[in-house]
Each structure stands twice: as C-alpha cells, then as structure tokens.
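Pasting a predicted model and its sequence here:
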Amino acid sequence: MTMASREISRLVAIFATILLIQIAVVPHFRISGYIIDLPLVVVVLVGLHLNPPNGALVGFIVGFAIDLVVHTPFGMTALTFSLAGYASGSASSQLTERNILTRALTVALLAATATSLFAAVAALIGLEYVTRQELGAIALVTAASTLPLTVLLAPLVRWAFPLETVQLHE
C-alpha cells in the first residue's frame, strides 16, 4: 500500500515539531551532561512501521534536515539516521509482540546503537567527539531516556500511521 498524502503531511508535521523542540528546548534539559536525541527516537519509531528501505529513506531525510542546523560534518547525521531507519525497519518484521514494553526496549537498543555508530563514524573520519569512557555513558543515557520517550511518542507515530504498516511505495 502506498502512503497517502495524509500520512506524509502528518509525518512532516511531527518531524518539524520534534526538530524545533530538539533545537529550542532539549539542550536546556541535560541528563548527566548529555543531550537526548529526540529526532532519532522518532526515526526509529517510524521505521518500525515501514520496511527497511523506506525506514532508511525517512532516516536520511530527517538526518539531512538535522545536518542543516547542527555543527557536525555534513552528512554524518543523515548517514547515522538512515542506518537507524533501516535497522528499525528490519526489526519490525522480527517483533512478534506489539506491546509497548517490547517496542520501548527495541527503540532503546536501536537508539543507543545509532548513537554509538555516530561516534564511530566520527572516529573514522578523524574527529574525537567522545572518549571511549564517555561513549558508554552516552549510550546508557540514550537508552534510559528513550524508554519513557517511546511511551510518550508511540501514540503520536500511531496517529501518523492509522494502518498497521504503510509503505512509501510498493
């Protein structure tokens, strides 16, 4: 089934709002000195409703938009988010239970992995954003903060996708 304009417009509204909240509000609320990544959580949640290529496409578009406003090398966020979207699209077929706890744990694991992947990509291109000791703490904070965020944001993503699974193209 193809995604209707209603679903696309809802996703655009969700991601525009989340991006504004990430830029304007989230930096003022740090957990152990680290900023949580709201768009990453939403990309993973949306990816659970899509197949892997479409999850990667949504992740790339959102990551590209974030790359326009953050001070990291251009394309790093797009690469990381597209891989997170692909992974969450792949995980969606493996989730037999659709309860919120299973979904929250899956999103927490994928978000922590994507955060670690971002640091690994930075290290590959010669940037040192975090030390190895900090990486564990960042992944732990990301996973812990993702659990309640998933509970709060999952109904919003379900609102964007009224059907169980919607694909961008067949």
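Thanks, I have it. Residues are numbered from 1 along each chain as shown.

Give me the mean pLDDT for the longest helix seen in the chain.
What stands out as the longest helix in the chain, according to DSSP state H, is helix 132-160. For helix 132-160, mean pLDDT rounds to 87.

Please identify the buried residues of it?
Across helix 132-160, burial judged by 16 or more other C-beta atoms under 10 Å covers 135, 138-139, 141-143, 145-147, 149-150, 153-154, 156-157, 160. Just so you know, the C-beta spots here come from the backbone N, C-alpha and C atoms, and that holds for glycine as well.

At the geometric centre of the protein, which residue sits there?
Leu40 (2.2 Å; C-alpha atoms, centre = their mean).

Please identify the helix or strand for that one.
Leu40 is part of helix 38-47 when elements are defined by DSSP states H and E.

now the angle from that helix to helix 132-160?
50 degrees (axes from the mean of the first three to the mean of the last three C-alpha atoms, to 10 degrees).

Return the following helix or strand past helix 38-47 as CSV; C-alpha atoms alone will do.
Using DSSP H and E, the helix or strand that follows helix 38-47 in sequence is helix 52-67. Output of helix 52-67 as CSV, limited to C-alpha atoms (Å, rounded to 0.1, in the frame of the first residue of the first chain):
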residue,chain,number,x,y,z
PRO,A,52,13.9,-1.3,5.7
PRO,A,53,14.4,0.8,2.5
ASN,A,54,11.6,3.2,3.5
GLY,A,55,12.9,3.5,7.0
ALA,A,56,16.3,4.3,5.6
LEU,A,57,14.7,7.0,3.4
VAL,A,58,12.9,8.6,6.3
GLY,A,59,16.0,8.5,8.4
PHE,A,60,18.1,10.1,5.6
ILE,A,61,15.6,12.9,5.1
VAL,A,62,15.3,13.7,8.8
GLY,A,63,19.1,13.4,9.3
PHE,A,64,19.7,15.7,6.3
ALA,A,65,17.4,18.3,7.9
ILE,A,66,19.3,18.0,11.2
ASP,A,67,22.6,18.3,9.4
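
the inter-axis angle of helix 52-67 versus helix 38-47?
160 degrees.
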